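In: Requesting a structural model of the entry that follows:
(one chain, ligands or ions: 2)
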Amino acid sequence: MKVYIKTYGCQMNERDSDAMASQLEACGHTIVFTEEEADVLLFNTCSVRDAAERKAKGKIGYMKKLKAQKPGLIIGVAGCMAQRLGDQLLAELPHLDFVLGTGQLHTLPEKLAEIAATRARFSATEPSFDVLTGMGGHFSHTWHAEIAITRGCNRFCSYCIVPYVRGREISRSISDVVEEARELVANGVKEILLLGQNVAAFGLNGDTRPPAPGYSPFADLLDELDKIDGLLRIRYTSPYVSYFNDRLIETLARAKKVCHNIHLPLQSGSDRILKEMNRQYTRDSYLAKVAELRSAIPDITFSTDVIVGFPGETDADFALTREVMNQVDYAQSFVFKYSPRPGAKSAERQDSVPEEVKEERNQILLADLAARVEKRLAGMYQKTVEVLVEGVSPRNPERWSGRTGTNIMVHFEPDDKIQAGTLRQVKIIQTNPVSLFGKLAD
Ligand code: 5AD
Ligand code: SF4
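Out: Ligands and ions are numbered 1, 2, ... in the order given. Here you go, the predicted structure:
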């Protein structure tokens, strides 16, 4: 059959869609890139904010028209919203054929065969650990690949739906991940991005206490991956701040291929709000970890996630968040307006901050970010940096782009030997508030 997959949400969802595409292809199906060509439409969905669910539901609702024209069309919903709503989706959307929860993604090929034969609608949302090992295939083949190293989350931040929709945290073994990485590298991959809801909890068997000094299975994994010949870069997202112990920091500083950039979610800079979010750190302990990381890895850059308008967030709480963000000097930040998620603890409280205030706080943080980025980029003028070449620049076909290990994009004019997935030296010869332009220097 011809299958079209549309993905909403995070990189883990992108990864899951890629693995499902690979499984389907291995079973003789064809992946197509337009809805009109497809025999099967699969929507891999997100529940993290209400807007993500509304968007997917709107789209699926709209597919009713297509199904009316093509009655044999099979429509399925997978992922987090599928897990959260299950049967309710079948009831709400009469043209929907199946619902596949986050623990059942690996069963897609057999489920598709069943539904094609019987046309019986179903919802499968039972948790299953098999999803961990059953989702290792890769459909896209470029210089970059993603590997899911953990699934689920045990932290239960009060605002977050993830522990409910993705279930308890489980990790793969080091040998399993290394094997997948070796195979990818043998097929031309140069950069891997390790994925997990809390990657630094890798190998801790779901224990939510930060690991003891000297102990970090995640660092052990990085050490093993660092040894793979032909692999140029290792990235990871996202870790929780309190898991950066001496062992992990020492590895990050020493490893040759691990990039000097950490996406380190802050969520709030106010201790009172952090406590209500059930985040297990304070503003000071977060800042102390950042300082420790900076002293071990001087060129490190940070990015972050913050939520504005959590229930009860005052102007003073918000001012603290703003202050910490400017102090850490994040190179990138993602600001989210609080959205109550039914089932998560904070949804029991009134969503008290008005939408206009959330939007105002969002705009302030975005303007701060723009000012920080402009300053950081200006400071790179005349410096020579190493980039991993990504390909032709999306905005200007005459230019190519590459990214530094610290995750800063650089545009430049290509030479005859330019090739995606190679490391090149670039001297920055022009900066503007949002981008860098350089000249190949090797
Ligand atoms: N409302 C707004 N943002 C949220 N996030 C998670 N849950 C919510 C919510 N209920 C944000 C967090 C997380 C990112 C992926 O999404 O900042 O790090
Ligand atoms: Fe990813 Fe969370 Fe959205 Fe699920 S709910 S797709 S884990 S961001």
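In: Leaving out chain neighbours, which residue sits closest to whatever residue of the stretch 101-250 of the chain ends up closest to ligand 2?
Out: At 4.6 Å from ligand 2, Val162 is the closest residue in the stretch 101-250 of the chain, using Cβ to the nearest ligand atom. Glycine gets a C-beta too; all of them are placed from N, C-alpha and C. Nearest non-adjacent residue to Val162, counting by Cβ to Cβ, 6 or more residues apart in numbering: Cys153, 4.8 Å away.
In: I'd assumed Gln197 was in contact with the one you found.
Out: Yes. Counting by Cβ atoms under 8 Å, Cys153 does reach Gln197; the two are 3.9 Å apart.
In: Between the two, which contacts overlap?
Out: Val162, Arg166, Glu169 (Cβ atoms under 8 Å, 6 or more residues apart in numbering).
In: mind listing which of those residues are in strands?
Out: Nothing among those maps onto strands, per DSSP state E.
In: who in this protein is up against ligand 1?
Out: Proximity of the chain to ligand 1, by Cβ under 6 Å from any ligand atom, involves residues Val48, Arg49, Tyr159, Cys160, Pro265, Gln267, Asp305, Ile307, Phe336, Tyr338, Ser339, Arg341.
In: and these near ligand 2, which?
Out: For ligand 2, the contacts drawn from the residues of the chain next to ligand 1 by Cβ under 6 Å from any ligand atom are Val48.
In: how about Leu73, phi and psi?
Out: According to degrees, to the nearest 10, the main-chain angles of Leu73 amount to phi -60, psi 130.
In: what residues are up against Pro298?
Out: Per Cβ under 8 Å, 6+ apart, neighbours of Pro298: none.
In: no, scratch that, I was asking about Phe202
Out: Contacts of Phe202 (Cβ under 8 Å, 6+ apart): Ile149, Thr150, Ser171, Gly196, Pro217, Phe218, Leu221.
In: Tell me the helix or strand right after the longest helix anywhere in the chain.
Out: Criterion DSSP state H: the longest helix present in the chain is helix 355-378. Next helix or strand after helix 355-378 toward the C-terminus (DSSP states H and E): strand 384-392.
In: what comes up buried for that following strand?
Out: For strand 384-392, the neighbour count (16 or more other Cβ atoms under 10 Å) marks Val385, Glu386, Val387, Leu388, Val389, Glu390 as buried.
In: As a markdown table, these with pLDDT would be great.
Out: Formatted as a markdown table, these follow (pLDDT from 0 to 100):
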| residue | pLDDT |
| --- | --- |
| Val385 | 98 |
| Glu386 | 98 |
| Val387 | 98 |
| Leu388 | 98 |
| Val389 | 98 |
| Glu390 | 98 |
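In: quick check, nearest of those to ligand 1?
Out: Out of the buried residues of strand 384-392, the member with the shortest distance to ligand 1 (by Cβ to the nearest ligand atom) is Glu390, at 23.8 Å.
In: Quick check, the closest one in contact with Arg403.
Out: Yes. The pair Glu390 / Arg403 is scored as a contact, 6.2 Å apart, by Cβ under 8 Å.
In: ok so, going back, can you flag which of the contacts of Phe202 belong to strands?
Out: Filtering these for strands - DSSP E - leaves Thr150, Ser171.
In: Of the contacts of Phe202, which pair is most distant in space?
Out: Gly196 and Pro217 (12.0 Å; Cβ to Cβ).
In: Identify the contacts common to the two.
Out: In contact with both Gly196 and Pro217: Ser171, Phe202, using Cβ under 8 Å, 6+ apart.
In: Can you pick out the residue with more neighbours from these two?
Out: Ranked by neighbour count (other Cβ atoms under 10 Å), Gly196 and Pro217 place Gly196 first, with 25 against 19.
In: Secondary structure class of Leu42, three-state.
Out: Counting by DSSP: H, G, I helix; E, B strand; the rest coil, the backbone at Leu42 sits in strand.
In: and it, how many neighbours?
Out: Leu42: 26 neighbours (other Cβ under 10 Å).
In: Who does it form a beta bridge with?
Out: Beta-bridge pairing of Leu42 under DSSP bridges involves Ile5, Gly76.
In: What's the separation between it and Ser140?
Out: 16 Å (Cβ to Cβ, to the nearest Å).
In: Kindly report the same for Ile149.
Out: 18 Å.
In: Who has more neighbours out of those two?
Out: The neighbour count for Ile149 versus Ser140, taken as other Cβ under 10 Å, is higher for Ile149 (25 against 12).
In: residue contacts, the more buried one?
Out: Ser171, Arg172, Val177, Leu194, Leu195, Gly196, Val199, Phe202, Leu221.
In: Got the phi and psi for the fourth one?
Out: For Leu194, the backbone dihedrals (degrees, to the nearest 10) come out as phi -90, psi 130.
In: How many residues are close by Leu293?
Out: 21.
In: My error: substitute Ser238 in the last question.
Out: 19.
In: Could you verify my assumption that it touches Leu266?
Out: No. Using Cβ under 8 Å, Ser238 makes no contact with Leu266, being 11.1 Å away.
In: shared neighbours of these two, anything?
Out: Common neighbours of Ser238 and Leu266 (Cβ under 8 Å, 6+ apart) are Asp305.
In: re the thing from before, kindly write the ChimeraX command that selects the buried subset of the contacts of Ile149.
Out: Buried residues among the contacts of Ile149 (16+ other Cβ under 10 Å), as a ChimeraX selection:
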select :171,172,177,194,195,196,199,202,221
